[in-house]
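[1] give the three-dimensional model of this entry:
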Amino acid sequence: STTLKLLARSANMNLSFTRGLVWIEDSHYNANKAGGGHGNHTFAWDNVAFDGPVIARDLSFDVLDHLTPSAAGLNLGWITFLQSPVQLSTLPMTADNIAAAQGALLMFNYSYVPVSTFSYSINGHAFSAPVPFNPGTAWVMGRSVALPVPLTALVPGAQQITLAGDTATAVANVNIVLVAAGGVVLPP
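    As a prediction, this is how the structure comes out:
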C-alpha cells in the first residue's frame, strides 16, 4: 500500500552498450505468519551487482526435490550429518555442456545449526570448503552457498554428489551450475 522509493539515479552515463544484467539479493520476512496482527513485511536488498554488456548463460543441473512427507508437511530437502552424508544425483549433463563451461559450482541452501565446513564429493572426487558466513548463528533455510567444483570432476550424465556439514544440517535446492556453458545471449 506504499509507493516505491527511488534509491538511486544516474543520467547520461554514456555507456558503450545497450544491454546488461543487474543482480539484487532480496531477503524478506513474512510477519503475517506470526499472527497477532503483525502484518508488516520487512524487505532488505543487498549485494547489488551489474554484469554487462556480455551476458553469459549458465546451465543448471538440479537434484530433484526429496518430496517426502514429514510432520510439518512436505520435506523438499535432506538432513545430513558428517558421519552420514546425503547421497544425491543431478539431472544429466552432456560432454559438450562440460566442455563449454568456464567453471562449475555446487549450489544449495542450508540451515539448522551453525556449520563451519562442508565436505562434498562429485563423482568420487572429494573436496571441502569453509562456510562463507559467520558460523556462530543458526538460520532457517536462509543461507545459499556456491562451492567450487573442478570441471575435471564432472562426467557426462548424472553427477553423483555426497554432501555433509561438519555438524547436522538441512540442505535443499541442490544443483550443479556450469558457468557460461550456455554461451552468450545476444540481443535480437
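
[2] give me the distance between the two termini of stretch 151-162.
    17 Å (Cα to Cα, to the nearest Å).

[3] repeat for stretch 153-160
    Span of stretch 153-160 from end to end, Cα to Cα: 10 Å.

[4] now do stretch 108-122
    14 Å.

[5] contacts only, for the closest residue to Val63 other than its chain neighbours.
    Nearest residue to Val63 in three dimensions, chain neighbours excluded: Val174, at 4.1 Å (Cβ to Cβ, 6 or more residues apart in numbering). Where C-beta positions appear, they are placed from N, C-alpha and C, glycine not excepted. Counting by Cβ atoms under 8 Å, 6 or more residues apart in numbering, Val174 makes contact with 62-63, 77, 88, 90, 106-108, 161, 163.

[6] if you set the cut-off to 6 Å instead, what comes out?
    By Cβ atoms under 6 Å, 6 or more residues apart in numbering, Val174 lies in contact with 63, 88, 108.

[7] what number of residues lie near the last one?
    The burial metric for Phe108, expressed as a neighbour count using other Cβ atoms under 10 Å, is 25.

[8] cool, and Phe61?
    The number of residues packed near Phe61 is 19, by other Cβ under 10 Å.

[9] so it, which of the three states?
    Following DSSP: H, G, I helix; E, B strand; the rest coil, we place Phe61 in the strand state.

[10] could you check how far it is from Phe133?
    25 Å (Cβ to Cβ, to the nearest Å).
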